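Q: Here is a sequence together with a model predicted from it:
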Amino acid sequence: MAAHPSGERFTVELEKGTNWWGAFVIGLAGTILVIGLAGYALLALGGVAITLFIVLTLVGVFLCFCLAELAAAFPDRAGGLPSYAFETFKPLGTGVAEHVGGLSSWAYWLGWFTVAPINAYLAALYITDLFGIPLGGTYGPISDKFGSAWSVGVIVTAAVILLVVFIPGWLGIRLGATFATILGIGSIVPLVLIIILPFFKPSTIDFGRVQLGTLPDGVTGSWQLIVGWAFIFVWTVWAMEAAACYIGECREPARDAKIAMTAEGLFGLFVYITLPLMLLAVLGTTGFAALGSGDANVVFLGYVDAIFGANEFWRWFIGLALVAALLLSVLNALIGASRGLWQNSVDGVLPKIFSKTNKHGSPSTAIILSLVASLLVLLVGSPLQIYVFSNMGYLFALAVAMVGFGVFRWKRDDFPRPVKMPRIMGPVAILFGVLGLILWIVGGYYAADYAVGSGYRWLFWVGLILLALYVPLHRGQARPHPDATPRGALASTSWA
């Protein structure tokens, strides 16, 4: 415990209740978001989608390596990517660090908590279909141009999912990691199996269908198309950074940071490239056009049907695997971004109430906020609309994090830390960060045209307005963390 400038006392650390495996397996929630993107991307872009997956995923792996160094340098900071901005921007002035760190954490929370209602809604759709749950009456949309109609059965099921998944998040990182391990095995094993299934029947594979620079018939290429879809991609293919949210709760964070982030990045590289590649090699653009939908359930069922033929076993296999994957993402969304709010509240930037923890060592107020906000956003009933304004927060935080890493390597390269990446990564990070900010503005403006449809560019402005809510939330009492010297910083492992 430590004293706050106001005289009150607060917790400066969350429970140290996990290790690299806990951080890795909860972070898998980011990696498996590919299941929701792959079908829509391949349907819209064909082989060009594979190119985008390769290029943007490599940048995501780069980001994971940057975070491995930052997590080891600041091992007691919770919340991952956005919480490091408070430290990395300090050479540019305390005021800059305070506002960049605070805005980054708020943006990150806006980007991640919305994953919970989106994926709870999708999981509810699959559950009601698999188990024949009555849908009940239909309500909505909120207005002609906002939201979509939803059924009572789906919304109630989604709300129950949010409440049930909230429980392990509330009860601490140990139970959260155990819960995530179960869901991770239940989703990752089937996901890897789906990737290798065609090799059991090689005649179904035709890599000639994978033409990296070719769009589907009837799609006209343009730079707006590419940047709009690139904006949509990064919400998923950079999400493997989520493992960093839990490094501060590892028992040996300086050691575990390198292991967890390297494992997350490399596994993400494998999944993000091979899954869409195999989908296209089996179905081709004509197969996707015949399916007529990019929905994960439709796409994966069509995929296994093309390999083995339709049967009830595969319907349940795919359905339950997707539900497990979506539940893992809901868990991470509720508890991950909440830790960023907690850390910046401890820093004195965001409202003091977010620094409260419960007896289980979890950031109680921040998690409750995530749950309540998720239940409200659930009523929008349109995952794609939520997707756009959500990413206006998420991509901003990602881009700022890469710029911050570059500033850290430029101005504080002598800072003691046990993991040190090659020197060239500093300027490259700044370059990627600036390009990310350009994509955030330009791609964010055009993304709704492709994710939602014509007439929805106003979602870009909704995202900016939500980001601006940081202003009334800012406290202006930034304080240094009491542990200025990172633990475990005596030995240095240089990757230079």
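A: Ah, there it is.
Q: Next, count neighbours for Ala257.
A: The local packing of Ala257 (other C-beta atoms under 10 Å) involves 30 other residues. Every C-beta, even on glycine, is put in place using the N, C-alpha and C of the backbone.
Q: I misspoke; the intended subject was Val452.
A: Using other C-beta under 10 Å, Val452 is surrounded by 19 other residues.
Q: and if you look at Lys411?
A: Applying other C-beta under 10 Å, we find 15 other residues in the vicinity of Lys411.
Q: Do I have it right that it meets Glu87?
A: No. Lys411 sits out of contact with Glu87 when judged by C-beta atoms under 8 Å, with a separation of 11.2 Å.
Q: can you give me the helices for the stretch 101-250 of the chain?
A: When secondary structure is read from DSSP state H, counting those that start in this stretch, the stretch 101-250 of the chain shows helices at 115-131, 152-170, 173-196, 223-237.
Q: pLDDT score for Pro482?
A: According to the predicted model, the pLDDT of Pro482 comes to 43.
Q: Over to Leu322?
A: pLDDT, Leu322: 89.
Q: Could I get the contacting residues of it?
A: Residues touching Leu322, when contacts are defined by C-beta atoms under 8 Å, 6 or more residues apart in numbering, comprise Ile35, Leu122, Ala123, Tyr126, Ser187, Ala296, Asn297, Phe300.
Q: Ok, Ile54 next?
A: Counted by C-beta under 8 Å, 6+ apart, Ile54 has contacts Ile273.
Q: mind checking the SS state of it?
A: State at Ile54, reduced to three classes by DSSP: H, G, I helix; E, B strand; the rest coil: helix.
Q: thought Ala401 was touching Gly79?
A: No. Counting by C-beta under 8 Å, no contact exists between Ala401 and Gly79, whose distance comes to 11.4 Å.
Q: the strands in the stretch 1-150 of the chain, which residues?
A: If DSSP state E, counting those that start in this stretch is used as the criterion, the strands of the stretch 1-150 of the chain fall at 2-3, 9-10, 138-139, 150-151.
Q: Which strands and helices lie in contact with the last one?
A: Translated: strand 150-151. Here strand 150-151 is seen to pack against strand 138-139 when contacts are counted using 3 or more C-beta pairs under 8 Å, 6 or more residues apart in numbering; DSSP states H and E.
Q: and the strand it packs on, what's its mean pLDDT?
A: Rounded to a whole number, the mean pLDDT of strand 138-139 is 82.
Q: which other residues reach that strand?
A: Outside of strand 138-139, the residues that reach it under the criterion C-beta under 8 Å, 6+ apart are Ala149, Trp150, Ser151, Val152.
Q: Spatially nearest residue to the first one, not counting backbone neighbours?
A: The reference is to Ala149. Counting by C-beta to C-beta, 6 or more residues apart in numbering, Gly140 is the residue found nearest to Ala149 once chain neighbours are left out, at 4.7 Å.
Q: What residues does that neighbour make contact with?
A: Neighbour list for Gly140: Gly147, Ser148, Ala149, Trp150, Leu379, Gly381 [criterion: C-beta under 8 Å, 6+ apart].
Q: Restrict these to the buried ones and give me that as a ChimeraX selection.
A: To isolate the buried members of the contacts of Gly140 in ChimeraX, using 16 or more other C-beta atoms under 10 Å:
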select :147,150,379,381
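Q: which one of the contacts of Gly140 sits closest to Phe396?
A: Ranked by distance to Phe396 (C-beta to C-beta), these are led by Gly147 at 23.9 Å.
Q: That closest one and Tyr394: what is the separation?
A: 21 Å (C-beta to C-beta, to the nearest Å).
Q: what are the phi and psi values for Gly132?
A: Backbone torsions for Gly132, taken as degrees, to the nearest 10, come to phi 60, psi 40.
Q: can you check Lys420 too?
A: Here Lys420 shows phi and psi, under degrees, to the nearest 10, equal to phi -140, psi 120.
Q: do Gly218 as well
A: Backbone torsions of Gly218, given as degrees, to the nearest 10, read phi 90, psi -10.
Q: how close does it get to Thr285?
A: As judged by C-beta to C-beta, Gly218 and Thr285 stand 10 Å apart.
Q: what about Gly213, neighbour count?
A: Look at Gly213: counted by other C-beta under 10 Å, it has 10 neighbours.
Q: pLDDT weak spots in the chain?
A: When residues are selected by pLDDT under 70, those of the chain lie in 1-13, 476-496.
Q: residues in contact with the residue lying closest to Ser355 once chain neighbours are set aside?
A: When the adjacent residues along the chain are set aside, Ser355 lies closest to Ser345, with 3.9 Å between them (C-beta to C-beta, 6+ apart). Ser345 makes contact with Pro351, Lys352, Ile353, Phe354, Ser355, Ala366 under the criterion C-beta under 8 Å, 6+ apart.
Q: so can I have JSON lines of the contacts of strand 138-139 showing distance to Cys250?
A: JSON lines is the format used below for the contacts of strand 138-139 (distance: C-beta to C-beta, whole Å):
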{"residue": "Ala149", "distance to Cys250": "44"}
{"residue": "Trp150", "distance to Cys250": "39"}
{"residue": "Ser151", "distance to Cys250": "42"}
{"residue": "Val152", "distance to Cys250": "42"}
